[in-house]
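S.K.: here is my input, please return the structure:
(one chain, ligands or ions: 3)
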Amino acid sequence: MPSKSKAQLLDEIAKLRAELTAVHLTKEERTAELYNSEQRFAMAMRSANDGLWDWDLQTDEVYYSPRWKSMLGYEEHELDHMLSTWEAIVHPDDRVRVLQKAQDYLSGIVTSFEVEMRMRHKDGHYLFIRSRAFQVKCNATDNPHRLIGTHVDITQRKKAEILDKRNAKILEMIAKGNPASEIYDEIALLYEERHPGIRCSMLELEGNKLLHGGAPSLPKEYCEAVHGLENGPNIGSCGTSTYTGKRVLVENIETDPKWANIKHVATPHGMRCCWSEPIKSSSGKVLGAFGMYYNHPALPNDEESSDLTSAARLAGIVMEREHNLKRIRELAYKDELTQLSSRAQFYLTLEKMIKSFDLNSLRFSLLYIDLDNFKNVNDSLGHDVGDRLLKEVAQRLQQACREVDLIARISGDEFCIIVNEVVDNDCAGKVAQRCLQLISEPVEFEGRKLVPSCSIGIAHYPLDGETHQTLLKAADTALYEAKELGKNRYAFYNEELTTKAEYRFKVEQYLREAIEKQQLSLVYQPQVDITSGNIVGVEALSRWYHPLLGQVSPVDFIATAESIGMLPLLTEWVLHTACEQLACWKHSGLTSVRVAVNISPSHFLDKDFVPLIARVLEKTGILPDDLELEVTEGVVQTNQQNLFVFEQLKELGVKLAIDDFGTGYSSVASLKHLNIDVLKIDKYFIDDILTDHKTRLLVNSMIDMGHNLGHKIIAEGVEKHEQLELLQKLGCEIGQGYLFSNPVSADEMSQLLNLSTVV
Ligand code: C2E
Ligand code: MG
Ligand code: MG
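M.R.: Residues are numbered from 1 along each chain as shown. Ligands and ions are numbered 1, 2, ... in the order given. The predicted structure follows:
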């Protein structure tokens, strides 16, 4: 408190004396009053900034000092000197409490009087007042007959305290993760309470659109009118501030050009000025705007101005949190690559639909989609092209579906569609048909044309599965069936498929012990020189006979071994067995044969693969030149790792053959990148070579091309003499197929080799 000069104090005392004499007093009271005037004087000394009041308890007349009045915005001549004057000014919620406190003090229940209360300023706003008082007793009766007190304006301190408390509450709400709309309302109310008459709003910026965040005191129609507005250089205060990233103060909405186009939505609701502060993230990005409105034209005073800054900061914390949450949700519920629903979103939706399903609901179906040979695309053209294909497929699926259907990417190249509102049995089939059609349209990436295709399994809810697990399993089982039937098609689930799936499961289960229990064996199929008829090589093919399952096809168990991580073990066993067998034949004088072993593409990603080949060669003592590794085109790609493995294998000296040539994506690329020895033209071409002119031309070209590049050609799946004759004419040197021999046991093969010429 500023210290007072002596002259000021004397003046104060003179005023007090005058005040005292102005009140009519009895003789006895004058004595007491003299004493009390000392006290008033002491009080005045303590704080001459305080207002004074003096309440005559008998008459309820109250003397209010000029300072008391000016504190509340009144002139000295205003206000009656009555208790009712105070009663009319004090906040209705505080009145009873304060009077009770005075009563307690006067009756001796408490020994002092000190209260805080809200009192209405002449302007209409409330001030926080602290009042202290002491009683003056009548000497004769010892009863209090007056109460004299001070008023101190503690509004600033109180406001700061409230601000602290409210801020703490808001921060707690943020920390607890309360919904943003609740926090926005709390922030608005905080500043509205600090500045009576003000109304606050928070708008979020999404792209360049303003979205309603919170404005508890603004009319709904106004909020709705603003929601969705595009920001720009002259779009009211908030639209402009989010556009420029700077504070915008509009003193008068009616006349400011920035509001010219949209004032009609604000003025009918009384708003006359609007100040807007951009809400920014910690990195400075504009996230939205905080707006303050009054119903009269105005510019902010210092306090309002600094509150505008802090309000925008506080709202910024919430908005940034919302942005982060949204991003997290997007990551969780949206597939980043394709922008389709994520696996998590798919499961949630499916579960929700099943839970809320009742007799009145329309049925729905589940489509489980898997791209055919996607792995080949990835392996041969690289993951970038693979990703682009997935995006393209996602778009095509969207075209194939209706708004009501949910499309999700489940993993890699697997998609699921919930076909909603199924009215007849054909509904899901029709969607599946559209997917097949759209997906199989050719697509070109960097000049390379692909013709994608997919297989689809369909299951109906609740017929094929009543829980999300069983329904998915049914759709997956149907998908497997579609693949087995030759891919690029769809299949409906039926119960028989479950039996098939159970069989697959058993294969998986028993395969683990197949090597240990010596259930695996190798058969050999001769590769015959077409001109001389001599066997020049044998292809080792795996066989598995299980006591319960019977003979299991290598196509099935090789894929299963791969999926359960058993393939390296199996390949090692095949290589050892085949090379040992060859060593055996070599010992018995059959020097001109070599052995071919099939190698799955996944081995090329295995660091131990090249050392494994080296170990086998060393252990069995066969020459590298006598071992031929057959790989499918899938493995042939520009991928550095695979090229490196090929080079290492070449360094070892083993021969390399491209198996099933012509059926993959990279037939010609394989010839460009790799130093290979043999092309094995797939049975698919040999089958039609006699009947289809085009196929014959193709085989002719493959042979010529292979020869020009210095490769040997093996024709696979030769079954007819006519095929053999034609192949001979076309210059193919080696044939393999049932015409020469089925794959046979090692013993039978030994006999064939001894005969040497088999045709
Ligand atoms: P592949 O390497 O293309 O082997 C040729 C397949 O065609 C063999 O089927 C063989 O029995 C069959 N085949 C040969 N000539 C004829 C013919 O004239 N007519 C007909 N219809 N078929 C003929 P298999 O033994 O069932 O093997 C199928 C596939 O399984 C093989 O195709 C190969 O990719 C894979 N496979 C077999 N054994 C192994 C193995 O030990 N390791 C790996 N990774 N794959 C293997
Ligand atoms: Mg083969
Ligand atoms: Mg083949």
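
S.K.: now the residue nearest the centre of the chain: how far from residue 350?
M.R.: For the chain, residue 331 is the residue whose C-alpha lies nearest the centre (C-alpha atoms, centre = their mean; 1.4 Å). Here residue 331 is placed at a distance of 20 Å from residue 350 (C-beta to C-beta, to the nearest Å). For glycine as for every other residue, the C-beta is placed from the backbone atoms N, C-alpha and C.

S.K.: try residue 121
M.R.: 62 Å.

S.K.: those two: who's more crowded?
M.R.: residue 350 (22 against 16; other C-beta atoms under 10 Å).

S.K.: can you confirm residue 686 is in a helix?
M.R.: Yes - counting by DSSP: H, G, I helix; E, B strand; the rest coil, residue 686 is located in a helix.

S.K.: my read is that it contacts residue 713, right?
M.R.: No - using C-beta atoms under 8 Å, residue 686 makes no contact with residue 713, being 11.4 Å away.

S.K.: quick check: pLDDT value at residue 428.
M.R.: Looking at residue 428, its pLDDT stands at 90.

S.K.: so which strand or helix has the closest residue to it other than its chain neighbours?
M.R.: Closest residue in space to residue 428, ignoring its immediate chain neighbours: residue 365 at 3.6 Å, by C-beta to C-beta, 6 or more residues apart in numbering. According to DSSP states H and E, residue 365 maps onto strand 363-371.

S.K.: and that strand, what's its mean pLDDT?
M.R.: 95.

S.K.: if you count contacts, what does it end up packed against?
M.R.: helix 383-400, strand 414-422, helix 427-439, strand 454-461, helix 468-484 (3 or more C-beta pairs under 8 Å, 6 or more residues apart in numbering; DSSP states H and E).

S.K.: parallel or antiparallel, list what pairs with the helix or strand just after the third one.
M.R.: Sequence order places strand 443-445 as the next helix or strand after helix 427-439, per DSSP H and E. If you go by DSSP bridges, strand 443-445 pairs up with strand 448-450 (antiparallel).

S.K.: for the strand it pairs with, give me every contacting residue.
M.R.: Residues from elsewhere that reach strand 448-450, judged by C-beta atoms under 8 Å, 6 or more residues apart in numbering: 377, 381, 385, 389, 442, 443, 444, 665.

S.K.: and residue 418, how many residues sit next to it?
M.R.: When neighbours are defined as other C-beta under 10 Å, residue 418 has 22 of them.

S.K.: and the gap between it and residue 368?
M.R.: 11 Å.

S.K.: confirm that residue 591 sits in a helix.
M.R.: No - in this structure, residue 591 is coil, not part of a helix, as judged by three-state DSSP.

S.K.: mind starting the numbering at 52 from now?
M.R.: With the count now opening at 52, the last piece we talked about shows up as residue 642.

S.K.: now do the phi/psi pair for it.
M.R.: Torsion angles at residue 642 (phi, psi; degrees, to the nearest 10) stand at phi -80, psi -20.

S.K.: show the pLDDT at it.
M.R.: 81.

S.K.: residues contacting it?
M.R.: Neighbour list for residue 642: empty [criterion: C-beta under 8 Å, 6+ apart].

S.K.: how close does residue 403 get to residue 519?
M.R.: 10 Å.

S.K.: moving C-terminal from the helix or strand that contains residue 292, which element do we reach first?
M.R.: Element membership for residue 292 (DSSP H and E) is helix 287-295. On the C-terminal side of helix 287-295, the closest following helix or strand by DSSP H and E is strand 299-301.

S.K.: ok, that following strand: who's next to it in the sheet?
M.R.: In the sheet, strand 299-301 lines up with strand 324-331 (antiparallel) (DSSP bridges).

S.K.: what pairs with the next helix or strand after the partner strand, and is each one parallel or antiparallel?
M.R.: Of the helices and strands lying after strand 324-331 in sequence (DSSP H and E), the nearest is strand 337-345. Applying DSSP bridges, strand 337-345 is found paired with strand 250-257 (antiparallel), strand 324-331 (antiparallel).

S.K.: now the first one: how far from the chain's centre is it?
M.R.: Centroid separation between strand 250-257 and its chain, computed with C-alpha atoms, centre = their mean, to the nearest Å, is 25 Å.

S.K.: what inclination does that strand have with respect to helix 287-295?
M.R.: Here strand 250-257 runs at an angle of 30 degrees relative to helix 287-295 (axes from the mean of the first three to the mean of the last three C-alpha atoms, to 10 degrees).

S.K.: what residues of strand 250-257 count as buried?
M.R.: 250, 251, 252, 253, 254, 255, 256 (16 or more other C-beta atoms under 10 Å).

S.K.: helix, strand or coil: sort out residue 741 for me.
M.R.: Residue 741 - assigned by three-state DSSP - is coil.

S.K.: please give me every residue in contact with it.
M.R.: Per C-beta under 8 Å, 6+ apart, neighbours of residue 741: 747, 771, 773, 774, 777.

S.K.: now the two most distant members of the residues you listed.
M.R.: Comparing all pairs in the contacts of residue 741 by C-beta to C-beta, the longest separation belongs to 747 and 771, at 13.9 Å.

S.K.: TSV for the buried residues of strand 250-257, including distance to residue 450 and pLDDT?
M.R.: Shown next, in TSV, are those (distance: C-beta to C-beta, whole Å; pLDDT from 0 to 100):
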residue	distance to residue 450	pLDDT
250	47	97
251	46	97
252	41	97
253	39	96
254	36	96
255	32	95
256	32	94
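
S.K.: pick out the most distant pair among the residues you listed.
M.R.: 250 and 256 (20.4 Å).

S.K.: chain center to the lengthiest helix in the chain, what's the gap?
M.R.: In the chain, with assignment by DSSP state H, the single longest helix is helix 353-384. How far helix 353-384 lies from its chain's middle: 20 Å, per C-alpha atoms, centre = their mean.

S.K.: what's in contact with the helix or strand following it?
M.R.: Next along the chain after helix 353-384, taking DSSP H and E as the criterion, comes helix 394-406. Contact partners of helix 394-406, identified using C-beta under 8 Å, 6+ apart, comprise 383-386, 392, 415, 417, 457, 459-462, 467, 469, 512-513, 517-519, 522-523.

S.K.: tilt between helix 394-406 and strand 505-512?
M.R.: Going by the same axes, to 10 degrees, helix 394-406 makes 30 degrees with strand 505-512.

S.K.: buried set for helix 394-406?
M.R.: 394, 396, 397, 398, 400, 401, 404, 405.

S.K.: same question for stretch 660-677.
M.R.: 660, 661, 663, 664, 667, 668, 671, 673, 677.

S.K.: tell me which of those residues is nearest to ligand 1?
M.R.: For ligand 1, the nearest member of the buried residues of stretch 660-677 is residue 660. The distance, counting by C-beta to the nearest ligand atom, is 12.2 Å.

S.K.: gap between the residue lying closest to that closest one once chain neighbours are set aside and residue 593?
M.R.: Excluding its sequence neighbours, the residue lying closest to residue 660 (C-beta to C-beta, 6+ apart) is residue 654, at 4.6 Å. Residue 654 sits 15 Å away from residue 593, going by C-beta to C-beta.

S.K.: which residues does stretch 515-528 contact?
M.R.: In contact with stretch 515-528 (C-beta under 8 Å, 6+ apart) are residues 398, 401-402, 405, 417-419, 467, 508-510, 512-513, 544, 548-549, 551-552.

S.K.: out of these, which are buried?
M.R.: 398, 401, 405, 417-419, 467, 508-510, 512, 544, 548, 552.

S.K.: would you point out the most distant pair within the residues you listed?
M.R.: Spatially, the most separated pair among the buried ones among the contacts of stretch 515-528 is 398 and 548, at 22.5 Å (C-beta to C-beta).

S.K.: in a markdown table, list the contacts of residue 741 along with secondary structure.
M.R.: A markdown table is the format used below for these (three-state DSSP):
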| residue | secondary structure |
| --- | --- |
| 747 | helix |
| 771 | coil |
| 773 | helix |
| 774 | helix |
| 777 | helix |
